[in-house]
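Visitor: Any chance you could fold what I've pasted below:
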Amino acid sequence: MGYVSAVPVPQPRAAALAPDAPSSRRSLGAALLLGAVGAAVVLIASGQTWAEGTAAVGGGSVPLEAGGRDVTGVPAALAVVGLAALVAVFAVRRAGRLLVSLLLALSGAGAAAAAFLGAADSAALDEKAATTTGDAAATVDALTHTAWPYVTAVGSVLILLAGLLALGYGRRWPAMSGRYERTGAQGPRGPVRGRQARRAPVVDPNRPEDLWKALDRGEDPTREV
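Guide: Have a look, this model is predicted:
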């Protein structure tokens, strides 16, 4: 009768972990794409005209328009925060990465909410009407809204999706700081750091104690310095 080894075989574990690598790369690429595109869309769309109207002046009317940043500066500001959080995800680990991922998601959600609320806003044009006519009680006439607030909201949702991907898969992503960690120079007995990595002790052949110390360090005391 043969014997069955009780030693665990590593192949099943490696096979189980193998599918995680492609999904991790896909989620990483998707988050970067969604976050970058979303922030760009928000910044561009929030600078466009969101609302148009007219103000009555001296029996006539003056056309008025309000850009996204006149209505609300929240989406653009949160897009910048989200973009910074997207980069910071790769600079932190563990709990820090979770917090930054949450900030990324909240930035997208907040920007989307502000864009939807601003889509029907008339306060910015009313303020311009009051300034143009010199009447503090004046309001805008023939108010219309463009599609740019909704474009801003779509870009904000992309940032939100990037944050959700970071929350779900971020723990498997590589960290930026890990790539640039420097280790000491490798010697015969492992990493060598400090002064040993720069200069080996000088051995005096006329001093027996120096010879024994060199041999104890694994060095050849007869080599030329």
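Visitor: Val140 and Val62 touch, don't they?
Guide: No - applying CB atoms under 8 Å as the test, Val140 and Val62 come out as separate, 10.2 Å apart. Bear in mind the C-beta positions are built from the backbone N, C-alpha and C, glycine included.
Visitor: Residues that sit against both of these two, list them.
Guide: Thr54, Ala55 (CB atoms under 8 Å, 6 or more residues apart in numbering).
Visitor: the more surrounded of those two?
Guide: Val140 (24 against 14; other CB atoms under 10 Å).
Visitor: so who does the more buried one touch?
Guide: Applying CB under 8 Å, 6+ apart, the residues contacting Val140 are Gly53, Thr54, Ala55, Leu64, Ser122, Leu125, Asp126, Lys128, Ala129.
Visitor: give me the number of residues near the residue nearest to Ala114 when sequence neighbours are not counted?
Guide: Nearest residue to Ala114, sequence neighbours excluded (CB to CB, 6 or more residues apart in numbering): Val74, at 3.8 Å. Close neighbours of Val74, defined as other CB under 10 Å, add up to 19.
Visitor: On the pLDDT front, check Val74 for me.
Guide: Note on Val74: pLDDT of 96.
Visitor: check contacts around it.
Guide: So Val74 contacts Gly110, Ala111, Ala114 (CB under 8 Å, 6+ apart).
Visitor: quick one: which of these sit in helices?
Guide: Gly110, Ala111, Ala114 (DSSP state H).
Visitor: Pipe those residues into TSV and attach distance to Ala91 and pLDDT per row.
Guide: Listed next are the ones in helices among the contacts of Val74 as TSV, based on distance: CB to CB, whole Å; pLDDT from 0 to 100:
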residue	distance to Ala91	pLDDT
Gly110	22	97
Ala111	22	97
Ala114	27	96
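Visitor: Of those residues - the most surrounded one?
Guide: Ala111 (30 neighbours).
Visitor: what sits against the closest residue to that one other than its chain neighbours?
Guide: Leaving aside its chain neighbours, Ala111 sits nearest to Ser156 (3.6 Å; criterion: CB to CB, 6+ apart). The contact partners of Ser156, taken as CB under 8 Å, 6+ apart, are Gly38, Val42, Pro75, Leu78, Ala79, Gly108, Ala109, Gly110, Ala111, Ala112, Ala115.
Visitor: how does it look with 10 Å?
Guide: 38-39, 41-42, 45-46, 74-75, 78-79, 82, 107-116 (CB atoms under 10 Å, 6 or more residues apart in numbering).
Visitor: Filter the residues you listed down to just the buried residues.
Guide: 38-39, 41-42, 45-46, 74-75, 78-79, 82, 107-112, 114-115 (16 or more other CB atoms under 10 Å).
Visitor: Which parts of this structure are helices?
Guide: 11-17, 20-45, 68-71, 74-88, 94-118, 123-133, 148-169, 176-179, 195-198, 208-216.
Visitor: ok, so what distance separates the spatially closest residue to Leu83 that is not a sequence neighbour from Leu104?
Guide: Leaving out its chain neighbours, the residue that sits closest to Leu83 by CB to CB, 6+ apart is Ala39, at 4.3 Å. Ala39 sits 10 Å away from Leu104 when distances are taken as CB to CB, to the nearest Å.
Visitor: intersection of neighbour lists for these two?
Guide: With CB under 10 Å, 6+ apart as the test, Ala39 and Leu104 both reach Val81, Gly82, Leu83, Ala84, Leu86, Ile159, Ala162.
Visitor: Just the buried residues of those residues.
Guide: Counted by 16+ other CB under 10 Å, the shared contacts of Ala39 and Leu104 give Val81, Gly82, Leu83, Leu86, Ile159, Ala162 as buried.
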